[in-house]
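Novice: Need a 3D model of the sequence below.
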Amino acid sequence: MVKVKGGMSGSVNRLKKEMERSSGGRTWLKGIKEDITVRFLTEPDQWYAFREHYSPDVNFFPCVGKDEDCPGCLSDSEKVQRSSRRFAANVLDVNAGQVIPLKLPLDLAQRLVARYERNNNTLMNRDYTLHRMGKGLDTTYDVTPEDKSEVDISNYPLFDLEEILVHQFEDAFDLDSEPESSKPVSSMDTDSDLDDEVPSEPSATPDEDDDDGYLTEEEALKMSKDELKALADQLSIELDGRWSKEKMVQHLFAEAG
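Specialist: Here you go, the predicted model:
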């Protein structure tokens, strides 16, 4: 079995530095396609940090690292080689009443961690509405905290996020694996059979429109300095307006990589 390059954040400080699918019966991470209201079932130190490649042939897939012969890292395509930081979190979809493994892009994760720090180091005492605006390279995210409310989340089962990523990689490249489907693991009792407790997962296929904006350096060089600075602001990267556009692009990709 392959091992995805990544791991539990372990601490919010590390997380800040790092800053759906179902296929073949397996659960895949769910991307944010539209506004969704969620209750986080863990704090940010239990999010799973990983890097993600995009290939037109297989869509999105997690990076497993050059040491594991990652098809993304070893690709001849510069666009496929480039990977982006992503985070996976167990959340309750409030409207659906269903636990889902949610994929968070970097800028949204940063916004949530800022809320966590302003809220006495917790995200779990209220719901959050996550917003997605735009499409492709113009995609942006935001978060709206709802009023503080008490919800008993102790009995909600949690997905094994690493297992989901491993399965997603295996499915992308048709690798052999165990036939057992990914299923949530209870945070309260890992030995119990949770089949009756877990809502059935809707089947879905990879959405080719789920491109969060994999920008190449060639595309970035066509942007104006103001556009580059706006993009850098989204990624919390500082650019000096006195730099040449070429230097701004080089710095942006070096910091975002």
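Novice: Quick one: mean pLDDT over whichever helix or strand residue 171 is part of.
Specialist: Secondary structure assignment for residue 171, by DSSP states H and E: helix 161-172. Average pLDDT, helix 161-172: 93.
Novice: helices or strands up against it?
Specialist: Secondary-structure packing of helix 161-172 (3 or more CB pairs under 8 Å, 6 or more residues apart in numbering; DSSP states H and E): strand 6-8, strand 21-23, strand 26-28, strand 48-55, strand 59-62, strand 84-93. (Glycine included, C-beta is placed from N, CA and C.)
Novice: any idea how far it is from the chain center?
Specialist: 13 Å (CA atoms, centre = their mean, to the nearest Å).
Novice: do stretch 103-110 as well
Specialist: Counting by CA atoms, centre = their mean, stretch 103-110 is centred 6 Å from the centre of its parent chain.
Novice: next one: stretch 124-136
Specialist: The answer for stretch 124-136 is 13 Å, by CA atoms, centre = their mean.
Novice: now the angle from the helix holding residue 171 to strand 84-93?
Specialist: On the basis of axes from the mean of the first three to the mean of the last three CA atoms, to 10 degrees, helix 161-172 is oriented at 120 degrees to strand 84-93.
Novice: what's the angle from helix 161-172 to strand 48-55?
Specialist: 10 degrees.
Novice: In helix 161-172, which residues are buried?
Specialist: 161-172 (16 or more other CB atoms under 10 Å).
Novice: gap between residue 139 and residue 108?
Specialist: 10 Å (CB to CB, to the nearest Å).
Novice: ok, those two, which is more surrounded?
Specialist: The neighbour count for residue 139 versus residue 108, taken as other CB atoms under 10 Å, is higher for residue 108 (21 against 17).
Novice: Can you lay out the helices and strands packed on helix 161-172 as JSON lines showing mean pLDDT and distance to residue 218?
Specialist: Shown next, in JSON lines, are these (pLDDT from 0 to 100; distance: least, CB to CB, whole Å):
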{"stretch": "strand 6-8", "mean pLDDT": "68", "distance to residue 218": "28"}
{"stretch": "strand 21-23", "mean pLDDT": "41", "distance to residue 218": "30"}
{"stretch": "strand 26-28", "mean pLDDT": "80", "distance to residue 218": "30"}
{"stretch": "strand 48-55", "mean pLDDT": "95", "distance to residue 218": "16"}
{"stretch": "strand 59-62", "mean pLDDT": "92", "distance to residue 218": "21"}
{"stretch": "strand 84-93", "mean pLDDT": "96", "distance to residue 218": "17"}
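Novice: those helices in the stretch 151-257 of the chain, which residues are they?
Specialist: 161-172, 217-221, 225-234, 245-256 (DSSP state H, counting those that start in this stretch).
Novice: Those helices into TSV, with extra columns for distance to residue 149?
Specialist: As requested, those are arranged in TSV below (distance: least, CB to CB, whole Å):
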stretch	distance to residue 149
helix 161-172	25
helix 217-221	43
helix 225-234	30
helix 245-256	36
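Novice: Looking at the ones you listed, which is nearest to residue 129?
Specialist: helix 225-234 (19.2 Å; CB to CB).
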